[in-house]
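>>> Sequence and predicted model, in that order:
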Amino acid sequence: GESVGLHLPTLSVQEGDNSIINCAYSNSASDYFIWYKQESGKGPQFIIDIRSNMDKRQGQRVTVLLNKTVKHLSLQIAATQPGDSAVYFCAENISEGAQKLVFGQGTRLTINP
Amino acid sequence: DAGITQSPRHKVTETGTPVTLRCHQTENHRYMYWYRQDPGHGLRLIHYSYGVKDTDKGEVSDGYSVSRSKTEDFLLTLESATSSQTSVYFCATNRVYNSPLHFGNGTRLTVT
């Protein structure tokens, strides 16, 4: 079935550097995409979303880029901090009329001091 | 987040027993969802609700049923628990279509 995947299961970066987490999706009809952060023992926490009529959206220290031509989604985190250590998931809405999010496997981001 | 409370937070049960997990929200969100999270599979949708008494199946609905008799409560029932249903279960809600889901902190279920 169609699903969202990730290029890297783990990512280690130095504190203060920028992080880029990538995600590939396979459903060209998906119209909505979300990035979540999950810390141990907690539920996923919303970071940023983007609709298919946009190719870039910025939040506080985060930017999401959407490339519909190659079906690629990325999350950029600026000036990475220790508190950014977590598992990051991308998700896409694959269904019209009902919000059925399909999640990727997740990327673990580790911040080195 | 979004005033979501899941209960219980942890449960151990035996194979073949019925189990009900509860999700309670205080934000009056229309949509509610049940996901399970397993290593190697990420989060997978079990069932969802788009209003009181309106529910539909998700990706992995076999062995599960749901009920929503009030806006604020969404129950997930395992009629006869199996070891393959050992997982962490998350409830989520959102107010409108194509808006972020807000998740609870999960219920860890172990079926022995």
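Now that the structure is in, tell me what you want to look at.

>>> which stretches of chain B aren't confidently modelled?
Counting by pLDDT under 70, the ranges of chain B that qualify are B:1-2.

>>> Show me the residue at the heart of it, geometrically.
Compute the mean C-alpha point of chain B, and by Cα atoms, centre = their mean the closest residue is residue B:34, 2.9 Å away.

>>> show me what contacts it?
Going by Cβ atoms under 8 Å, 6 or more residues apart in numbering or on different chains, residue B:34 touches B:21, B:23, B:45-48, B:58, B:64, B:66, B:74, B:76, B:89-92. In short, each C-beta sits where N, CA and C put it, glycine included.

>>> What about chain A: which of these touch it?
Among these, the residues lying close to chain A (Cβ under 8 Å from any Cβ of the partner chain) are B:45, B:48, B:58, B:90, B:92.

>>> Now rank the residues you listed by neighbours and give me the top one.
Ranked by the number of neighbours (other Cβ atoms under 10 Å in any protein chain shown), the ones next to chain A among the contacts of residue B:34 place residue B:92 first, at 28 neighbours.

>>> mind checking which helix or strand that residue is in?
strand B:87-94 (DSSP states H and E).

>>> now residue A:35
Assigned by DSSP H and E, residue A:35 falls in strand A:32-38.

>>> ok, which residues in chain B are in contact with chain A?
Listed as neighbours of chain A in chain B under the rule Cβ under 8 Å from any Cβ: B:1, B:4, B:31, B:40-45, B:48, B:50, B:56, B:58-59, B:90, B:92, B:94, B:97-106.

>>> try 6 Å
Proximity of chain B to chain A (Cβ under 6 Å from any Cβ of the partner chain) is limited to residues B:42, B:43, B:45, B:90, B:97, B:98, B:100, B:103, B:104, B:105, B:106.
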